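quick one, what's the 3D model for this:
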Amino acid sequence: MKAMQRLLRKSLIAAIVLGVAFLIGLASPVKASAASSYPDKQINLVVAFGAGGTNDLGSRLIADYLGKKWKRQVVVVNKPGGNGVPAVLDVLNAKPDGYTLLVDVNASSAIQTAAMISLPYKLTDRTLLCRVLTASDIVCSSLSRPWKNLKDVADFIKSNARDFKWGALEDASMSTLNIGMFIDGIGVDVKTTKKVDFNAAAEQLSALAGGHIDLMMFSVPGLMPLIEAKKVQPIVALGGKIGKLPGVQTTEEAGFGWWNTSYWLGISGPSNLPEDIIEKWESALKEAANDPEFKSKAESIGFRTAFVDYKGHKKAVLEEEQRWKAVAQKLGIVPR
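Alright, predicted model coming up:
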């Protein structure tokens, strides 16, 4: 009897061990299969800005490349408004499976969390996958001012701060913080100048061309039509030389090397995005950055390819947030 009981116990233990091993064996192939099959359906790339702008153009370039590479629909979903908060929330609240992602830029990440109060999330609540594009921004002046370079602008502001009118979209924007940084950096109290707020970039561009403001900073693609039509004067480039405008100095060449920031465009997702999805995007965008056709198309719309992997990108964006926070505090946008 006892021998029979011992035999039954051994059989039961053996069955349990075999069952666990079987389940583990099933689990591993499922995980590998999920990784190898991604993507197996449509991917939505949420953009926190309207159609036709710089961010939208870069997003569509990526979507077109990956759609052909993965043979799946990669759809750009424009969700402008609310300073980018609704778009970011859509992605942060999405399932972390790689099918709803954010086309992220400085303004919707490091600048937003540094210069906006009471946001419903932190920068670290998203997965900063990697970046693939960068671009120079350009500062232009109205033709009503005789300025030819950045020193001319600085000298005028120092002597005529109260007559200096500059365009701003909102406090938590790259252009607003950058112009504010420049004014403060040349030793002038920003509050003594005239900051003119606009609801849309088109209004700001029109005001500059019409001489209603003296200066603004914007993307190269956005300002290029006015530059080519000789309706505004290009003053300086931030983030590197501009291929189409080789005569325009960089801030370093102009003698203001301390004033240099760089626009970037990358991909972010919800927190807890699986490593295999991150690796898939890293690999695809690194390949894109080295693809001659992709590079050529990027350059034609004012971008340069500049791939930065997950670890490097995450580190850079978190550091950038701290720099913008210091600027926002100095300008009185957020409390110290």
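
once you drop chain neighbours, what's closest to residue 149?
Take residue 149 and drop its neighbours on the chain: the residue closest to it by Cβ to Cβ, 6 or more residues apart in numbering is residue 254, 5.9 Å away. C-beta: built from backbone N, CA, C; applies to glycine.

could I get the full set of strands for this protein?
Using DSSP state E, the strands of the chain run over residues 43-47, 74-78, 100-105, 126-135, 137-142, 165-168, 194-197, 215-219, 232-238, 263-270, 304-308.

from the centroid of the chain, which residue is nearest?
residue 105 (0.8 Å; Cα atoms, centre = their mean).

for residue 248, find the nearest of the strands of the chain.
Across the strands of the chain, residue 248 has its closest neighbour in strand 232-238 (4.8 Å, Cβ to Cβ).

where's that closest one relative to the chain centroid, distance-wise?
22 Å (Cα atoms, centre = their mean, to the nearest Å).

now what about stretch 41-51, what contacts it?
55-56, 59, 62-63, 66, 70, 72-80, 84, 86-88, 90-91, 98-103, 107-108, 267 (Cβ atoms under 8 Å, 6 or more residues apart in numbering).

swap in 7 Å and give it another go.
Defining contact as Cβ atoms under 7 Å, 6 or more residues apart in numbering, one finds that stretch 41-51 is touched by 55-56, 59, 63, 72-80, 84, 87-88, 90-91, 99-103, 108.

what pLDDT does the closest residue in space to residue 242 that isn't next to it in sequence get?
Nearest residue to residue 242 in three dimensions, chain neighbours excluded: residue 136, at 5.1 Å (Cβ to Cβ, 6+ apart). pLDDT recorded at residue 136 is 91.

surely residue 136 touches residue 244?
No - counting by Cβ atoms under 7 Å, residue 136 does not reach residue 244; the two are 10.2 Å apart.

who has more neighbours out of those two?
residue 136 (22 against 13; other Cβ atoms under 10 Å).

picking up where we left off before, give the buried subset of the contacts of stretch 41-51 as a PyMOL selection command.
Of the contacts of stretch 41-51, the buried ones can be selected in PyMOL as follows, counting by 16 or more other Cβ atoms under 10 Å:
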select buried, resi 55+56+59+63+72+74+76+77+78+79+80+84+87+88+90+91+99+100+101+102+103+108
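
let me see the contact set for the residue nearest to residue 104 when sequence neighbours are not counted.
Nearest non-adjacent residue to residue 104, counting by Cβ to Cβ, 6+ apart: residue 268, 4.0 Å away. The contact partners of residue 268, taken as Cβ under 7 Å, 6+ apart, are 91, 101, 102, 104, 109, 126, 127, 128, 129.

residues near the residue lying closest to the fifth one once chain neighbours are set aside, how many?
The spatial neighbour of residue 109 that comes closest, neighbours along the chain excluded (Cβ to Cβ, 6+ apart), is residue 317 at 5.8 Å. The tally of other residues near residue 317 (other Cβ under 10 Å) stands at 23.

isn't residue 317 right next to residue 111, touching?
No - when contacts are counted by Cβ under 7 Å, residue 317 is not listed as touching residue 111 (10.3 Å).

can you give me the pLDDT of residue 25?
The model's pLDDT for residue 25 equals 40.

whoops, residue 4 was the one
39.

all the helices of the stretch 1-150 of the chain, residue numbers only.
2-37, 54-70, 85-92, 110-115, 150-159 (DSSP state H, counting those that start in this stretch).

what does the second one rub up against?
Right, helix 54-70. 39, 45, 47, 49-50, 73-76, 78, 103, 105, 132-133, 135, 219, 221-222, 265, 284, 288, 294, 297-298, 301-303.

the shortest one too?
If you take Cβ under 7 Å, 6+ apart as the criterion, helix 110-115 is touched by 83-84, 119, 122-123, 171-172, 174, 177, 317, 320-321, 324-325, 328, 333-334.

how far does it sit from its chain's centre?
11 Å.

going through the contacts of helix 54-70, which ones are buried?
By 16+ other Cβ under 10 Å, those give 39, 45, 47, 49, 74, 76, 78, 103, 105, 132-133, 135, 219, 221-222, 265, 284, 288, 294, 297-298, 301-303 as buried.

for the closest residue to residue 291 other than its chain neighbours, grab the count of nearby residues.
Distances taken as Cβ to Cβ, 6+ apart put residue 65 closest to residue 291, at 7.4 Å, once the chain neighbours are dropped. Other residues within reach of residue 65, judged by other Cβ under 10 Å, total 21.
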